[in-house]
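S.K.: Show me the folded form of this:
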Amino acid sequence: MKKVLWSLLLAIISLPMMAQANHVSVSGNSFVDENGDAIIFRGLCASDPVKLARQKKWNEKYFAEAESWGANVIRFAIHPENINNYGWDKTLNLMDEGIGYAKKHNMYVIIDWHSIGNLKDEKFYRKMYNTSKEETFRFWSTVAKRYKDEPAVALYELFNEPTTTANDVDLGSCTWEEWRDLQEQIIDTIRAYNPYAVCLCAGFDWAYDLRPIKDNPIRRSNIGYVCHPYPMKSEQPWEPKWDEYFGYVTKTYPVVCTEIGFCLENEKGAHIPVISTEEYGLHMMKYLEENTASFTVWCFDVDWAPTLITDWKFNPSTQGRFFKFYMSNKKKNSRTARIAVTREHYNTMRVDSEKNKPTPVTEEFTVHVGRNDNCGLNVLDITPIGIIVDFGFQYASNDYIRGRSFYISEGKTKTFYMTDVYDMHISSTIRVLEIQR
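M.R.: Numbers count the residues shown, from 1 in each chain. Okay, here's the model as predicted:
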């Protein structure tokens, strides 16, 4: 069974990593760098800079190892208790050091205010997560001022896991509208110092439930959404629930699953909701690829489960072997694909019948990941079973307007069309003829 799983995992691996850190922004449902090229983040969660510094593990070796696993992003989980006990200035200095190491090793950084509970009522799951609205605003204003000119700090994750439900703790009450308003206030605080910051917003149920976004999204631009779809958050088959709880959001906004992961039932720290096997990893990776979503795996540490490593020689755990294999192979990928593109392009005001329409033109191209100027397509990813393409438009001025990303399987066809303000009908039908392995 495991041989089959590893073989299937190889069948969804592609997309090279970034060369260096550039400013990140949001375009459509994608994160993009300062050149407008789409980025899919694939990386690891650091446990906490203070914890690791106390263990003398917050050093360049830690970041070099993360890079060697194929990570292009690393998430700093800043716990309120730790920053207060260790000291704000000392913690911020640790963050500075970590950002420097991340840049040296070609990784972006996500800064995460790592609390769990109900910020509105200031009720939290455990002592280590205790904070307040005042302190949260202070943290984000401090971070925004300190890193406003640092492009490696790509994403600001406002609050780790919002929830009003826990088995043994009263967490008060909070409606989605109240939580949405509070997140918007945090974004406004950040934007007062860094107007271009990309902010990540989470839903309830321990950052799993994004269903309210459908009717009541965050009313700010340049944002992404967060989900933590651990294996026991829903029963198998997972995909229908993932579609309902967060997958549909990827059609409109960028999504980062800032915590995923699993451990076997007999492994250290096994607990609900993380107990599963490599089967979860396979399903999750395929699902995120097909929905062009990003992720960071919890946790690059020997203590906090599900752990990715079993010791400080960085020997991987069960999930560590899985995700190291996956990400490092993504880094090595350089596939191409043969596609056929059929185009129609005419002025609707000048064509009054089907007979007068110009004959569609079909051409074949070999494409790679990135902008393919020979056919005007931006290919985000090439897997052994299909391609992910951004359907945008390139005008005579060579301006490229990003559209939406779609997955097209080998042998399948998808048509994109629009009528622009000049009454021009533009359509492209793309058929994936062959993935060249």
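S.K.: Tell me where this structure has helices.
M.R.: In the chain, the segments counted as helices under DSSP state H are 2-10, 49-54, 60-68, 80-86, 88-104, 133-147, 176-193, 204-207, 238-245, 278-290, 318-332.
S.K.: Identify the residues contacting the nearest residue to Leu94 once chain neighbours are set aside.
M.R.: The shortest distance from Leu94 to any non-neighbouring residue, by CB to CB, 6 or more residues apart in numbering, is to Pro49 (4.1 Å). (Each C-beta comes from the backbone N, C-alpha and C, glycine too.) Applying CB atoms under 8 Å, 6 or more residues apart in numbering to Pro49 gives the contacts Trp58, Phe76, Ile78, Thr91, Leu94, Met95, Gly98.
S.K.: now, among the residues you listed, which is nearest to Glu67?
M.R.: Nearest to Glu67, judged by CB to CB, of these is Gly98 at 13.0 Å.
S.K.: thinking again about what came up before, and the gap between the residue nearest to Leu94 and Ser141?
M.R.: As judged by CB to CB, to the nearest Å, Pro49 and Ser141 stand 19 Å apart.
S.K.: Also Asn93?
M.R.: In terms of CB to CB, Asn93 sits 18 Å off from Ser141.
S.K.: In terms of packing, which of the two has more residues around it?
M.R.: Just comparing Asn93 and Ser141: by other CB atoms under 10 Å the higher neighbour count belongs to Ser141, 16 against 13.
S.K.: Give me the neighbour count for the closest residue to that one other than its chain neighbours.
M.R.: The shortest distance from Ser141 to any residue other than its chain neighbours is 5.4 Å, reached at Thr189 (CB to CB, 6+ apart). Residues near Thr189, counting by other CB under 10 Å, number 17.
S.K.: so Thr189 makes contact with Thr142?
M.R.: No - judged on CB atoms under 8 Å, Thr189 makes no contact with Thr142 at a distance of 10.3 Å.
S.K.: got the contact list for Val32?
M.R.: Val24, Ser25, Val26, Ala38, Ile39, Arg402.
S.K.: which of the residues you listed are buried?
M.R.: Val24, Ser25, Val26, Ala38, Ile39, Arg402 (16 or more other CB atoms under 10 Å).
S.K.: Endpoints of stretch 127-135, how far apart?
M.R.: End-to-end distance for stretch 127-135, by CA to CA, to the nearest Å: 15 Å.
S.K.: Quick check: buried residues in that stretch?
M.R.: Neighbour-count burial for stretch 127-135, counted by 16+ other CB under 10 Å, picks out Tyr129, Asn130, Thr131, Glu135.
S.K.: Give me the contacts around that stretch.
M.R.: The contact list for stretch 127-135, computed with CB under 8 Å, 6+ apart, reads 79-82, 113-117, 119-120, 122, 124, 182.
S.K.: possible to save the residues you listed as CSV with neighbour count?
M.R.: As requested, the contacts of stretch 127-135 are exported to CSV (neighbours: other CB atoms under 10 Å):
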residue, neighbour count
His79, 26
Pro80, 20
Glu81, 18
Asn82, 20
Trp113, 23
His114, 24
Ser115, 26
Ile116, 20
Gly117, 26
Leu119, 24
Lys120, 17
Glu122, 15
Phe124, 23
Leu182, 18
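S.K.: Relative to Ala66, how far out is the residue lying closest to Gly172 once chain neighbours are set aside?
M.R.: In space, and not counting its chain neighbours, Gly172 is closest to Asp121: 3.3 Å by CB to CB, 6+ apart. From Asp121 across to Ala66, the span is 36 Å (CB to CB).
S.K.: These two - which one has more neighbours?
M.R.: Per other CB under 10 Å, whichever of Asp121 and Ala66 has more neighbours is Ala66, with 24 against 15.
S.K.: The more buried one and Asp301 touch, don't they?
M.R.: No - Ala66 lies out of contact with Asp301 (CB under 8 Å); the separation is 11.5 Å.
S.K.: coming back round to it: among the contacts of Pro49, which one sits closest to Cys227?
M.R.: The closest of the contacts of Pro49, once distances to Cys227 are taken by CB to CB, is Phe76, at 19.0 Å.
S.K.: This protein - how does it break down into domains?
M.R.: Following automatic domain parsing, one finds the domains of the chain at 2-332, 336-436.
S.K.: could I get those domains as TSV with mean pLDDT?
M.R.: Formatted as TSV, the domains of the chain follow (pLDDT from 0 to 100):
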stretch	mean pLDDT
domain 2-332	93
domain 336-436	72
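S.K.: Deepest in the core, which of these is it.
M.R.: The highest mean neighbour count among those, using mean count of other CB atoms under 10 Å, belongs to domain 2-332: a mean of 19.
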